[in-house]
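>>> fold the following and give me the result.
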Amino acid sequence: MVVIGITGPTGAGKTTVLNVLARFGAVIVDCDALYHDMLEHDEFMLGELKTRFGEGVFGTDGTLRRKALGDIVFGDPCALADLNAITHRHILRELDGRIERTEREGRPAIALDAIALIESGLGDRCDVTVAVTADDELRVRRIMDREGIPEEYARKRAASQKPSVWFEERCGHTLRNDGSKAELEGKAWALFSTIIPKEEL
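Numbers count the residues shown, from 1 in each chain. All right, here's what the predicted structure looks like:
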């Protein structure tokens, strides 16, 4: 089984690439969605957050008050580092479990979709890392079309993330998406055909 890390800036086309991987039979893990789910339901991570940051970051019903936690960590670099260390450790624990289960199920691959794949250390869990990138102007147009937001806001969204070259320099492979969706699908299919063992297709 192959563990594939997918990363890149918003509007580049990661969803299209992940859909191709699903056609190969890969399990897809949205790491951002996983993180938010764990902030609500993972007792081990929540318990450690309570120990470090206190009862005050939790409501009377026991749920995490994310704004209260944010008020603490965003003004304190040490607290933010502690938060990242706690959450990254528990996310890696959960992902390790999912990777093991996927392999037991006999699936050919698992794909980790993570904007912070490299920074978080998730890339170290991967056999292969792939950057999905695109021209900045194309990304802005795609974000506008996808989310129905004004151009100014789309440009701010795009500018708030690392540039394409940052991802390209740190990943083993790059899928450049400056053409049509069909062209990207073709590139992705050609790449993953060389990565996922033929006997598992």
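
>>> tell me, what residue is most central in the protein?
Nearest to the centroid of the C-alpha atoms of the chain, with distances taken as C-alpha atoms, centre = their mean, sits Ala114, at 1.3 Å.

>>> look up the closest residue to that residue, ignoring the ones flanking it.
Spatial nearest neighbour of Ala114, excluding adjacent residues (C-beta to C-beta, 6 or more residues apart in numbering): Cys31 at 3.9 Å. For glycine as for every other residue, the C-beta is placed from the backbone atoms N, C-alpha and C.

>>> what's the weakest-modelled helix or strand in this structure?
The helix or strand of the chain with the poorest confidence is helix 151-159; it has a mean of 90 (mean pLDDT, DSSP states H and E).

>>> kindly provide the distance from the residue lying farthest from the centre of the chain to Pro108.
Largest separation from the mean C-alpha position in the chain: Thr60, at 31.2 Å (C-alpha atoms, centre = their mean). Counting by C-beta to C-beta, to the nearest Å, the gap from Thr60 to Pro108 is 47 Å.

>>> swap in Glu168?
With the distance defined as C-beta to C-beta, Glu168 ends up 26 Å from Pro108.

>>> neighbour count winner among those two?
For Glu168 versus Pro108, neighbours defined as other C-beta atoms under 10 Å are more numerous around Pro108 (21 against 16).

>>> how much space between that one and Ile196?
As for Pro108, its distance to Ile196 is 5 Å (criterion: C-beta to C-beta).

>>> likewise Leu122?
Taking C-beta to C-beta as the measure, Leu122 falls 19 Å from Ile196.

>>> which of the helices or strands spans Arg93?
Secondary structure assignment for Arg93, by DSSP states H and E: helix 77-104.

>>> mind checking how far that helix is from the chain centre?
The chain centre lies 12 Å from the centre of helix 77-104; the measure is C-alpha atoms, centre = their mean, to the nearest Å.
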